[in-house]
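In: Sequence first, then the predicted structure, then my questions.
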Amino acid sequence: MEPLDVIALAGEVVAWIALTSGLALLLAFAFARMADGTWDPTEVAILQRPDGDLVRWFAGGEFHERPLEAHEHARHGDEGELVGWVRRRTPERLRFEASSHVPRVLGTLAVILLVVGVAATVASTVAGAVA
């Protein structure tokens, strides 16, 4: 077997694996984005109290509050007012990031695998045509 035939065969195997995995992750990315929903920015205030810090915000026509969690306190505990993100359908939910990490990771992995798959397809095609 010639070296170009081996490259063509290996490229085709890598292309099939990378493209199918990339498309599956792209589908998972789409579902994760839909499940995450739409989040709107709102101003939040952090109130320091002896029994624990609170986060307060106004959304959906009402005031909401909840305790500041430990990892949020380490990041935002000393600030007075900042921007938080509330879910459009359930304004009583608040987070400090505009988007979730899960769709971002799934989308990044999908793009990487799709690029690898396309590159492997091109390498396999070129190696097969030259051989």
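Out: That came in fine, so what should we check first? Numbers count the residues shown, from 1 in each chain.
In: What strand or helix carries residue 26?
Out: Following DSSP states H and E, the helix or strand that holds residue 26 is helix 3-36.
In: Poorly predicted segments of this structure, please.
Out: For the chain, the stretches with pLDDT under 70 are 73-81.
In: ok, 80 please
Out: Screening the chain residue by residue with the criterion pLDDT under 80, one finds the ranges 1, 70-81, 131.
In: Spatially central residue in it, please.
Out: Most central residue of the chain, judged by C-alpha distance to the mean C-alpha position with Cα atoms, centre = their mean, is residue 104 at 1.7 Å.
In: Double-check that that one belongs to a helix.
Out: Yes. Residue 104 forms part of a helix when assessed by DSSP: H, G, I helix; E, B strand; the rest coil.
In: quick revisit: tell me the buried residues in the helix holding residue 26?
Out: When burial is assessed from 16 or more other Cβ atoms under 10 Å, helix 3-36 yields the following buried residues: 7-8, 11-12, 14-15, 18-19, 21-22, 25-26, 28-29, 32-33. Backbone N, C-alpha and C define where each C-beta goes, glycine included.
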